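Q: sequence and computational prediction follow.
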Amino acid sequence: MSFRVLAGVLVCVAALVGCKNPSLQGDTYSRSSAREVQRVEEGQVLFVRQVQIEGTQGAGSIAGGVLGYAVGSAVGGGRGNKVAKSAGAVAGVAAGSRAEEAATRQQGLEITVQLDSGEVIAIVQGADETFDEGDRVRVLRRPNGEARVIQ
């Protein structure tokens with residue numbers, strides 16, 4: 001394996017390790033959410049459904065493209081090498097995107113809550129807590145529209 005291919009592989013691995021899926025769990029807060037006032041409403045769970053939360057896409061495409069280009073550069077010479085680089089980059093982007101999405105996909109819950117005010121809302125969040133129909137819960141709403149359900 002040539003040095004260029006090895007360097008490309010290392011860059012891609014570093015990029016994929018750096019991929020971070022923002023937490024959608026009910027008990028995890030981002031740094032920007034700390035010390036921010038949230039409106040608290042109480043209600044009752046009407047319905048709970050398991051869902052899949054899509055993963056992210058971005059850095060995996062870039063890393064895959066770089067890796068595909070590096071692998072393609074090790075193939076052939078002249079015009080064939082240019083074609084191999086291009087094909088490797090295109091295939092790498094597609095594979096990297098799919099790999100990142102699969103790695104960051106997570107289980108979630110769609111929780112339908114009837115608030116004490118009578119309003120019925122549904123919130124999707126990570127499946128880190130269990131909720132049953134009839135549970136009394138609190139809904140925390142941030143000013144930006146984000147919300148979470150807690151016991």
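A: Everything's here; your move. Being a predicted model, the structure only gives us computed values, none of them experimental.

Q: could you pull out the strands in the protein for me?
A: Shown for the chain, the strands assigned by DSSP state E span residues 39-53, 106-115, 120-126, 136-141, 147-150.

Q: and the longest helix for the protein?
A: The residue-count maximum for a helix in the chain (DSSP state H) belongs to helix 78-104.

Q: roughly how far is that helix from the heart of the chain?
A: From the chain centre to the centre of helix 78-104 is a distance of 21 Å (Cα atoms, centre = their mean, to the nearest Å).

Q: what's that helix packed up against?
A: Helices and strands touching helix 78-104, by 3 or more Cβ pairs under 8 Å, 6 or more residues apart in numbering; DSSP states H and E, are helix 3-17, helix 59-73. From N, CA and C alone the C-beta is placed, and that goes for glycine too.

Q: pLDDT at the residue located most distally from the centre of the chain, what is it?
A: Most distant from the centre of the chain: G78, at 40.1 Å, with distances by Cα atoms, centre = their mean. For G78, the pLDDT comes out at 74.

Q: can you tell me the closest non-neighbouring residue to G96?
A: What sits nearest to G96 in space, not counting adjacent residues and going by Cβ to Cβ, 6 or more residues apart in numbering, is G64, at 1.9 Å.

Q: is it true that the one you found touches A94?
A: Yes. With contacts counted by Cβ atoms under 8 Å, G64 reaches A94, the gap being 7.2 Å.

Q: these two: which is more packed in?
A: Set G64 next to A94 and count neighbours by other Cβ atoms under 10 Å: G64 wins out with 26 against 14.

Q: what's the neighbour count on V93?
A: Count around V93 with other Cβ under 10 Å applied: 20.

Q: if I look at it, how far off is G64?
A: 5 Å (Cβ to Cβ, to the nearest Å).

Q: same question for I111.
A: 35 Å.

Q: any stretches of the chain with poor pLDDT?
A: The chain contains residues with pLDDT under 70 at 1-30, 32-33, 35, 55-57, 60, 76, 97-98, 101-104.

Q: now R49: closest residue in space, sequence neighbours ignored.
A: Take R49 and drop its neighbours on the chain: the residue closest to it by Cβ to Cβ, 6+ apart is E110, 4.6 Å away.
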